[in-house]
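> The sequence and its predicted three-dimensional model are supplied below.
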Amino acid sequence: MRAAVLRYRVMAYITGVLIIIVVFVGIPLQIWGHNTVIVNQVGTVHGVLYMVYIVFAWLLANKLHMKPKPTVLLLLAGTVPVMTFVVERWMHRQYINPALAELEPQATPVSS
């Protein structure tokens, strides 16, 4: 479970940063500077890594037995700038932390 969470978190942050670069740097540079290098290069990398994000997010959603509506929100988070960060925090509070707490062994009192 921890490995699935780590894979999801890494891909969420990577795709989140890349879409922010494309939208807030690449697109203005393309429109006003007539330079498409960032949009083409970073946009392509974001697209490929977003597919990896989709796979890891889907695997995590299955492990957490999430319902369809939050799963769709999780999968689409990489398409809106900043949304991956918001959804990642929400996922931790709502699903990941409770699931990890269930996996940890309960401390037993030591009798003397």
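Received the coordinates, thanks.
> Can you tell me the closest non-neighbouring residue to Ala4?
Take Ala4 and drop its neighbours on the chain: the residue closest to it by CB to CB, 6 or more residues apart in numbering is Leu60, 4.9 Å away. In this view, the C-beta of every residue, glycine as well, is placed from N, C-alpha and C.
> Assign the one you found to helix, strand or coil.
Here Leu60 is helix, with the state taken from DSSP: H, G, I helix; E, B strand; the rest coil.
> Which parts of the one helix or strand Gln30 maps to count as buried, going by neighbours?
Here Gln30 is covered by helix 27-33, with elements defined by DSSP states H and E. Residues of helix 27-33 classed as buried: Gln30 (neighbour count, 16 or more other CB atoms under 10 Å).
> Just the CA atoms of that helix, as PDB, please.
Once side chains and other backbone atoms are set aside, the C-alpha atoms of helix 27-33 remain, and they are given as PDB (Å, rounded to 0.1, in the frame of the first residue of the first chain):
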ATOM      1  CA  ILE A  27       1.100  29.400 -23.300                       C
ATOM      2  CA  PRO A  28       1.800  33.100 -22.500                       C
ATOM      3  CA  LEU A  29       5.200  32.600 -24.200                       C
ATOM      4  CA  GLN A  30       3.600  31.100 -27.200                       C
ATOM      5  CA  ILE A  31       0.900  33.800 -27.500                       C
ATOM      6  CA  TRP A  32       3.000  36.900 -26.800                       C
ATOM      7  CA  GLY A  33       6.500  35.700 -27.600                       C
END
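> if we can go back for a sec, and for the residue nearest to Ala4, the neighbour number?
25 (other CB atoms under 10 Å).
> My read is that it contacts Val5, right?
Yes - Leu60 is within contact range of Val5, at 6.6 Å (criterion: CB atoms under 8 Å).
> Point out where this structure drops to low pLDDT.
Segments of the chain classed as low confidence (criterion: pLDDT under 70) are 106-112.
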